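J.: structural data only, the sequence is not supplied:
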């Protein structure tokens, strides 16, 4: 009679461990899906934007995040001077440049 109880306890221990791993598995899968669908593309886009900002040069046509289009007339470390009309120049922080056209 006692051997039956011992076998029953030994057999029940393995499924409990498997169930705890199986309980975590959906969370891991959700994180992997979020990483490949949301986090990784966002990091790639941010890297491309940083590269574009580092390559800004004089006479580049740019669009700011406010929708203002203009030509770069000067580049500083963290800002650019953009000519938006004849003799109208504005200073724009580099992170607000969203698009560049040569």
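T.: Here it is on my side, so go on. Just so it is clear, the model here is predicted, and its values are computed rather than measured.
J.: quick one, strands of this protein?
T.: Listed in chain order, the strands of the chain (DSSP state E) span 61-64, 69-75, 79-85, 88-93, 97-101.
J.: to residue 28, which of those lies closest?
T.: strand 97-101 (35.6 Å; CB to CB). C-beta here means a position set from N, CA and C on the backbone, and glycine is covered the same way.
J.: and the closest one, average pLDDT?
T.: When pLDDT is averaged along strand 97-101, the result is 93.
J.: in its sheet, what does that strand sit against?
T.: Strand pairing for strand 97-101, determined by DSSP bridges: strand 61-64 (antiparallel).
J.: run through who's touching the strand it pairs with.
T.: The contact list for strand 61-64, computed with CB atoms under 8 Å, 6 or more residues apart in numbering, reads 56, 69-72, 80, 82, 92, 96-102.
J.: which of the residues you listed sits closest to residue 16?
T.: Set against residue 16, the nearest of the contacts of strand 61-64 by CB to CB is residue 98 (53.9 Å).
J.: test my guess that that closest one contacts residue 65.
T.: Yes - the pair residue 98 / residue 65 is scored as a contact, 5.2 Å apart, by CB atoms under 8 Å.
J.: check the spacing between the residue nearest to residue 78 when sequence neighbours are not counted and residue 27 real quick.
T.: Leaving aside its sequence neighbours, residue 78 sits nearest to residue 94 (CB to CB, 6 or more residues apart in numbering; 5.8 Å). The gap separating residue 94 from residue 27 is 39 Å, by CB to CB, to the nearest Å.
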